[in-house]
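**Q** heads up, no residue letters with this:
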């Protein structure tokens, strides 16, 4: 299953490292990534592949959200098909 991870918040050291390490530790592969900094706001969107049975979608989503809270960021994960249908023009 593919999912979209979004990260938004004040720029700080280690955001990409922290998020990608959580994904790595749970056998989740990053398929595509885009990130930018607008003034002091960090934004990132990742397309990930969750083929491993190591962690459920819900568990991984909760881990990412908890990390976001700890870092003062908004981190959310959605299934790719839901994200795509919500953002279809």
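**A** Received the coordinates, thanks. What you are looking at is a predicted structure, and each value in this text was computed from that prediction instead of being measured.
**Q** can you tell me the helix or strand for residue 60?
**A** Residue 60 is located in helix 57-71, with elements delineated by DSSP states H and E.
**Q** Does anything pack onto that helix? Which helices or strands?
**A** In terms of contacts (3 or more CB pairs under 8 Å, 6 or more residues apart in numbering; DSSP states H and E), helix 57-71 is packed against strand 2-10, helix 15-25, strand 73-79. (Each C-beta comes from the backbone N, C-alpha and C, glycine too.)
**Q** 7 Å - rerun?
**A** helix 15-25, strand 73-79 (3 or more CB pairs under 7 Å, 6 or more residues apart in numbering; DSSP states H and E).
**Q** Which parts of that helix count as buried, going by neighbours?
**A** Within helix 57-71, the residues that count as buried by 16 or more other CB atoms under 10 Å are 60-61, 63-64, 67-68, 71.
**Q** again with stretch 71-81
**A** Result for stretch 71-81 [16+ other CB under 10 Å]: buried residues 71, 73, 75, 77-78, 80.
**Q** Reformat the residues you listed as CSV; add pLDDT and distance to residue 8.
**A** Listed next are those as CSV, based on pLDDT from 0 to 100; distance: CB to CB, whole Å:
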residue, pLDDT, distance to residue 8
71, 97, 11
73, 97, 7
75, 98, 8
77, 96, 13
78, 92, 14
80, 74, 19
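**Q** Looking at the residues you listed, which is nearest residue 13?
**A** Distance to residue 13, by CB to CB, is smallest for residue 71 among these, at 10.2 Å.
**Q** which residues does that closest one contact?
**A** Counting by CB atoms under 7 Å, 6 or more residues apart in numbering, residue 71 makes contact with 12, 15, 18.
**Q** closest to residue 53 among these?
**A** Using CB to CB, the contacts of residue 71 come closest to residue 53 at residue 18, 23.6 Å.
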